[in-house]
Every structure is written in C-alpha cells, then in structure tokens.
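**Student:** Mind folding the following:
(one chain, ligands or ions: 2)
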Amino acid sequence: MNVAVIGKGGREHAIVKMLANSKSVNNIYAIPGNAGMREICEVMYRVNEDDFDAIAGICIEKQVDWVVIGDAGPLSLGLADFLIDEYGLTVFGPRKKEARMETSKSFTKNLLKKYNIPTADFKVFESYDEAKKYIESAVPPYVIKKDGLSEGKGVVIVENTEEGLKALEQLAVLSDEDDVMEPLLIEEYLQGEEFSLMVMVNEDYTHTFEVIAQDHKSAFGRGEGPNTGGMGAYAPVTHISEAVRLEAIEKIIRPTAEAMVKEGLSYFGVLYLGAMITDDGVKVLEYNARFGDPEAQVLLSMIESDFACILEKVQRKEPLSIEWKDGYTVGVMLATEGYPYEYKRGIGIAFTDEIMDRSFISGLAQTEEGDYISSGGRIMLVTGTGKTIEEALKAAYSSVEEIQFDKKEIFYRTDIGHRALISK
Ligand SMILES: Nc1ncnc2c1ncn2[C@@H]1O[C@H](COP(=O)(O)OP(=O)(O)O)[C@@H](O)[C@H]1O
Ligand SMILES: [Mg+2]
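**Tutor:** Ligands and ions are numbered 1, 2, ... in the order given. Predicted structure coming up:
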C-alpha cells in the first residue's frame with residue numbers, strides 16, 4: 001500500500017520509520033515532512049498541513065491508500081473528515097467531532113462524568129465574574145485549564161487565591177459580549193504519580209499498548225524551567241505496575257470507548273490517556289487524539305511487529321498482539337537556546353548517519369550544501385537502547401556526546417529517566 005503521513009515532527013518521523021519497515025508498504029509520502037525523513041520516504045516540503053486540497057491532490061496523484069495524521073492541528077481542522085468524505089480515503093486519525101476528546105476538555109470531562117469514569121471533579125465557567133467569584137472562595141490547591149488546544153500553555157496549578165486570580169487573568173479569553181469568555185475549567189487537584197497510555201481505538205475496539213513511556217515536560221532538569229512539548233522520554237516505565245495498567249483499561253479505557261459509541265462518536269485512531277494514580281484509584285487527567293511526542297518515538301521504536309499490519313488489524317477490528325523488543329529505550333531531546341519561548345533558527349549541528357539511524361528529527365533543515373541547521377525549537381531526539389535503564393541511558397548520552405554542536409546554542413536535559421533510577 002501507499003501511505004501519506006501528515007506532520008513534520010519527530011513523532012511523524014517515527015511513524016514514517018515504522019512504515020518504511022513494513023512489508024506491505026510500497027511508497028510513503030511525508031506531508032510536509034522534515035529533513036530527517038528524506039532517505040526513507042518522499043518528503044513534500046512545500047505543502048502545508050492546513051492546505052487540504054493540496055494534501056488530497058497528492059493522495060490522489062500518488063494513489064495513496066492510507067493517510068496517517070500525526071498532529072492535533074489538522075485533526076482539529078477536520079482534515080480526516082475532508083479526506084474521508086470527499087475522497088473516500090482511509091484515515092488513521094479521528095474526525096473533527098471525535099477529535100474533541102482532545103480539542104475540548106469540557107466536552108471530555110462532561111462525557112466522563114456522564115458515564116461515571118473516574119476523573120477529577122470539575123466546573124466549567126463561561127462567565128468571567130462567576131469564575132472570579134468561585135476562585136475567591138475556593139480552597140487551593142486546584143487546577144485551572146483552558147478548554148481548547150493551547151500547546152501546553154493552558155494549564156495552571158494554583159496553590160493560593162492570589163495565584164488563582166492571576167491564572168484567571170492569564171487564561172481568560174473574553175468575548176465582545178460583557179462577561180462572556182471562552183470556557184475555562186477549574187478542577188480538583190489530584191495528588192499522585194502521573195503516567196500515560198497509548199490506545200489504538202476503532203469505535204468499541206481498543207488495544208492498549210503494553211509498554212508505558214514517561215516523558216519529561218520541564219525545560220531543565222528536575223522540574224526546573226518552563227513547560228515544553230517534551231525534553232525526553234524512556235520506556236518501559238517499570239514502576240507503573242501491570243495492575244495499574246489493567247485498572248486503567250478496565251475502569252477508564254473500555255468505558256470511554258463504550259461511552260463514545262453511545263454518544264454517536266466513531267473514533268478511529270490513537271487515543272492517548274493522561275492519567276494519575278491516586279489513593280482513590282486511577283483517574284483521567286486528559287485525553288489526546290494522537291500519539292504523544294516524544295513518547296511515540298521511544299514506543300514505536302520498541303515495536304517489533306509490522307506497523308502497517310497493526311493499523312490494518314485495528315481497522316478490521318481483528319485481535320492484535322504487538323511484539324515488543326526487550327530492554328529499555330531512552331530518548332534525549334536537543335533543543336535550541338530559548339526554547340520553548342523564542343528559539344534560534346539556523347544553528348548548525350553535525351552528526352553521522354549512524355546517529356541519524358538512532359534519532360528522530362523534530363526541527364532540522366538542510367542547507368544547499370547538505371549541512372543540518374535548526375528550524376524549530378526542538379531539534380532531534382537521540383535514542384539509546386540497553387538491557388537495563390542504565391545501559392540505555394549511557395548509550396543515549398554517549399550518542400549525544402558524539403554530535404557536534406555549540407553547547408551555548410543547543411541544550412538538553414541530563415536527567416532523563418531519573419524516576420526510573422530513583423524507583424529502583
Ligand atoms: N487535576 C489535576 N491535578 C493535578 N495535576 C494536574 C491536573 N490536571 C492537570 N495536571 C497537570 O498539568 C499537566 C497538563 O495538564 P493536561 O490536562 O495534560 O493539559 P495539556 O496537556 O493540554 O496542557 C498534566 O500533565 C499534569 O501534570
Ligand atoms: Mg497533557
């Protein structure tokens with residue numbers, strides 16, 4: 001089959017790599033793709049993710065059978081709907097209506113509440129004054145969240161009333177009408193260990209990944225610095241027990257799939273569960289409608305099975321068993337100085353083909369001479385594997401050491417996997 005992969009990040013690089021190793025896949029088109037994918041597929045640099053007509057045009061011209069949409073942006077704009085309804089393509093990635101599981105936190109929280117699926121208590125506010133009044137009398141800690149996509153910048157954990165009022169100022173998007181704002185959620189604060197699960201979903205059919213990855217959100221070590229898209233990941237996370245994973249499947253994932261079906265949603269794609277292990281059981285923090293980045297790079301590279309076969313089995317709702325590689329994988333993200341705020345474009349970086357084989361590119365372009373330069377805040381995830389977490393860490397960081405770059409212009413976290421080491 002011929003496949004188009006929509007997106008330009010490391011997650012899409014991982015998806016392309018997996019498909020390139022699939023027996024049944026002939027041609028892969030990355031739209032718009034990135035410089036890391038050039039050796040393994042056809043990269044359509046010039047096409048934007050939001051140019052639906054151009055994407056459809058490529059799919060028709062190249063006789064694409066499957067489209068895999070990597071990122072939430074095009075899902076939220078209805079790219080899946082367009083390709084399915086207008087061109088009859090098979091699209092792995094939910095329609096706009098189903099993507100609300102990610103694009104509207106209030107939609108999801110109301111669905112969870114209606115079906116008694118464990119999650120933090122919450123209230124939704126669309127009146128600024130009411131939210132303010134609530135904050136003035138609420139007892140912290142609690143969490144204030146924007147309803148829609150906000151690239152990790154829409155959530156504030158509030159420790160005291162002053163912070164609550166400041167967060168309201170910061171997050172509220174007021175409309176022209178008096179007192180009306182875009183929905184904000186105020187949630188009960190959940191204490192516990194956080195983890196995520198990737199689930200392949202086709203309506204009532206679910207297959208939850210057996211292996212869990214943990215990402216690292218803060219820019220610098222040990223929770224310091226601003227929140228980012230993710231500065232590294234490792235798997236498996238052995239301090240999250242199989243019992244917890246099974247509880248999440250039983251009490252959260254299956255009931256959510258059933259609830260979606262009952263609500264008339266027809267979900268096809270990856271559903272990412274963000275969850276907290278509390279004293280009162282596992283609870284939903286949020287859902288995403290696509291793989292996490294960089295969790296996907298680490299997890300997909302640990303899959304031994306044919307990825308295209310996995311997609312086809314999910315589509316046909318056939319029993320699926322995923323074969324996982326033994327041992328550990330660690331991924332360390334390199335990012336340009338200033339990320340996640342202003343970041344530098346055009347910063348040079350050089351590495352061997354061997355390093356490229358073990359890396360997933362997020363933000364690199366190539367000059368006419370073929371040299372790599374930064375084109376995004378996050379540049380590349382460098383991975384290492386080993387029988388133990390220590391071995392995998394050593395492999396990943398020694399690869400990072402082999403890469404040539406200026407440490408004043410490019411940075412990375414040196415403590416990836418610290419939770420795994422502590423919990424030993
Ligand atoms: N109810 C909650 N209790 C405690 N921490 C929370 C809660 N909700 C969110 N968080 C923290 O904030 C982070 C971001 O929240 P999340 O709902 O995942 O939004 P997003 O990923 O869209 O920014 C979570 O990964 C978690 O660490
Ligand atoms: Mg999240």
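**Student:** Helix, strand, or coil at Glu126?
**Tutor:** Under DSSP: H, G, I helix; E, B strand; the rest coil, Glu126 falls in the strand class.
**Student:** mind listing what the closest residue to it other than its chain neighbours touches?
**Tutor:** Leaving aside its chain neighbours, Glu126 sits nearest to Pro183 (5.3 Å; criterion: C-beta to C-beta, 6 or more residues apart in numbering). Every residue, glycine included, has its C-beta placed from N, CA and C. Going by C-beta atoms under 8 Å, 6 or more residues apart in numbering, Pro183 touches 106, 124-126, 147.
**Student:** how about Pro30, phi and psi?
**Tutor:** Just so we're on the same page, residue 30 is Ala rather than Pro. Main-chain dihedrals, Ala30, degrees, to the nearest 10: phi -100, psi 120.
**Student:** Sorry, wrong one. I was asking about Ile15.
**Tutor:** phi -60, psi -40.
**Student:** and what of Ser321?
**Tutor:** phi -130, psi 120.
**Student:** so how many other residues sit close to it?
**Tutor:** Residues lying near Ser321 (other C-beta atoms under 10 Å) number 9.
**Student:** Return the member of the contacts of Pro183 nearest to ligand 1.
**Tutor:** Ranked by distance to ligand 1 (C-beta to the nearest ligand atom), the contacts of Pro183 are led by Asp147 at 10.0 Å.
**Student:** quick one: the closest residue to the closest one other than its chain neighbours from Leu111, how far?
**Tutor:** Spatial nearest neighbour of Asp147, excluding adjacent residues (C-beta to C-beta, 6+ apart): Pro183 at 4.0 Å. Distance of Pro183 to Leu111, computed by C-beta to C-beta, to the nearest Å: 15 Å.
**Student:** now Tyr343
**Tutor:** In terms of C-beta to C-beta, Tyr343 sits 36 Å off from Leu111.
**Student:** The two: which has the busier surroundings?
**Tutor:** When neighbours are counted by other C-beta under 10 Å, Tyr343 and Leu111 differ, and Leu111 comes out ahead with 21 against 18.
**Student:** My guess is the more buried one contacts Ala259. True?
**Tutor:** Yes: assessed by C-beta atoms under 8 Å, Leu111 is found in contact with Ala259 at 5.7 Å.
**Student:** Report the set of residues contacting both of those two.
**Tutor:** In contact with both Leu111 and Ala259: Ile117, using C-beta under 8 Å, 6+ apart.
**Student:** low-scoring stretches of this protein, by residue?
**Tutor:** 424 (pLDDT under 70).
**Student:** Walk me through the domains of it.
**Tutor:** The chain breaks down by the TED database into domains covering 2-77, 121-188, 191-316, 328-423.
**Student:** Quick check: end-to-end length of the shortest one?
**Tutor:** As for domain 121-188, its first-to-last residue distance stands at 5 Å under the measure C-alpha to C-alpha, to the nearest Å.
**Student:** does ligand 1 sit close to that domain?
**Tutor:** Yes: using C-beta under 6 Å from any ligand atom, a contact is recorded between domain 121-188 and ligand 1, made by 143, 145, 152, 154-155, 157, 187-188.
**Student:** possible to save the residues you listed as CSV with neighbour count and secondary structure?
**Tutor:** Converted to CSV, the residues of domain 121-188 next to ligand 1 look like this (neighbours: other C-beta atoms under 10 Å; DSSP: H, G, I helix; E, B strand; the rest coil):
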residue, neighbour count, secondary structure
Val143, 19, strand
Lys145, 24, strand
Gly152, 13, coil
Gly154, 17, coil
Val155, 18, strand
Ile157, 14, strand
Glu187, 20, strand
Glu188, 13, strand
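**Student:** ok, so of these, who is nearest Met37?
**Tutor:** Nearest to Met37 out of those is Gly152 (C-beta to C-beta; 24.6 Å).
**Student:** got the phi/psi numbers for that closest one?
**Tutor:** phi 70, psi 10.
**Student:** The closest residue in space to it that isn't next to it in sequence bridge partners, please.
**Tutor:** Leaving out its chain neighbours, the residue that sits closest to Gly152 by C-beta to C-beta, 6+ apart is Asn227, at 4.9 Å. Here Asn227 sits in beta bridges with Ser218, going by DSSP bridges.
**Student:** three-state assignment of the residue nearest to Asp147?
**Tutor:** Relying on three-state DSSP, one would call Pro183 strand.
**Student:** Tell me how far it lies from Ser399.
**Tutor:** Taking C-beta to C-beta, one finds Pro183 at 44 Å from Ser399.
**Student:** One more: Ala138?
**Tutor:** Counting by C-beta to C-beta - Ala138 and Ser399 are separated by 48 Å.
**Student:** Which one of the two is surrounded by more residues?
**Tutor:** The neighbour count for Ala138 versus Ser399, taken as other C-beta under 10 Å, is higher for Ser399 (20 against 14).
**Student:** Report the distance from the longest helix along the chain to the chain centre.
**Tutor:** Secondary structure assigned by DSSP state H gives helix 389-402 as the longest helix of the chain. Its chain's average C-alpha position is 23 Å from that of helix 389-402, according to C-alpha atoms, centre = their mean, to the nearest Å.
**Student:** just checking, what packs against that helix?
**Tutor:** strand 232-235, strand 328-336, strand 378-386, helix 418-422 (3 or more C-beta pairs under 8 Å, 6 or more residues apart in numbering; DSSP states H and E).
**Student:** can you give me the strands for the stretch 151-300 of the chain?
**Tutor:** Per DSSP state E, counting those that start in this stretch, the stretch 151-300 of the chain carries strands over the ranges 155-158, 180-188, 193-202, 205-208, 214-215, 232-235, 268-278, 281-288.
**Student:** As a markdown table, those with distance to Ala350 would be great.
**Tutor:** Below are the strands of the stretch 151-300 of the chain laid out as a markdown table (distance: least, C-beta to C-beta, whole Å):
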| stretch | distance to Ala350 |
| --- | --- |
| strand 155-158 | 37 |
| strand 180-188 | 45 |
| strand 193-202 | 33 |
| strand 205-208 | 40 |
| strand 214-215 | 27 |
| strand 232-235 | 21 |
| strand 268-278 | 34 |
| strand 281-288 | 34 |
